[in-house]
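[1] Show me how the following folds:
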Amino acid sequence: MRKHCSQVVLENFFEPCILYLLLEKPGYGYELSKSLRDNCDCQVNIGNLYRCLNRLVKQGYVTKNTVESSIGPNRTIYEITGDGKSYLNEWIENLKKQNKTIVKLITNYQKIV
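    Sure thing, here's the model as predicted:
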C-alpha cells in the first residue's frame, strides 16, 4: 500500500513545469530549480532536474548552450524548441483532462463525507 499518494499524482509533473518556465524565458539549472518552487510549487531534487533537462535535450524539446559568466564558472542555458512547445501543449491538454477527472472525484467525495 502506498503511503504517499500525492507523489504518484504528481509524478513527472515537473517536466511540463520546466517547459513552461523555459517558454517564459531561457534559464539555467539553479534558476529553474528556484523558479519551480516559486512558480509551480514544485520541489525537485537538483539531480532529477538535470536528468530531466538532459532527457528533454536528447528528445529535441530543449536546447542547451554554454555561456561565459563574469562572476564564476560558465553556465549552461536551456531554451525550449518548437517541438518542445508542441510537447508542452500536449502536456497541458492531457492535464486539463486529468484535472476534470480529479475535480469530479473530489466533488463526488465531498458529497458523501
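
[2] what comes up buried for stretch 84-101?
    For stretch 84-101, a neighbour-count test (16 or more other CB atoms under 10 Å) marks G84, Y87, L88, W91 as buried. Yep, even glycine has a C-beta here, placed from its N, CA and C like the rest.

[3] list the contacts for the third one?
    Translated: L88. Each residue near L88 by CB atoms under 8 Å, 6 or more residues apart in numbering is listed here: P16, L19, Y20, L23, Y61, I80.

[4] From those, which land in strands?
    With DSSP state E as the criterion, strands contain I80 from among those.

[5] got a list of contacts for stretch 38-57?
    10, 13-15, 17-21, 29-30, 32-33, 36-37, 62-64, 78, 84.

[6] Low-confidence bits of this protein, can you list those?
    1-11 (pLDDT under 70).

[7] Can you give me the buried ones in the helix or strand where S35 lies?
    Here S35 sits within helix 29-40, counting by DSSP states H and E. For helix 29-40, the neighbour count (16+ other CB under 10 Å) marks G29, L32, S33, S35, L36, C40 as buried.

[8] what's the farthest-apart pair in those residues?
    G29 and C40 (15.4 Å; CB to CB).

[9] which residues in this structure form strands?
    Per DSSP E, the chain carries strands over the ranges 27-28, 62-67, 75-80.

[10] want to throw those strands into TSV with distance to G47?
    Below are the strands of the chain laid out as TSV (distance: least, CB to CB, whole Å):
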stretch	distance to G47
strand 27-28	16
strand 62-67	17
strand 75-80	15
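
[11] Redo those as a markdown table? Include mean neighbour count.
    Shown next, in a markdown table, are these (neighbours: other CB atoms under 10 Å):
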| stretch | mean neighbour count |
| --- | --- |
| strand 27-28 | 18 |
| strand 62-67 | 14 |
| strand 75-80 | 18 |
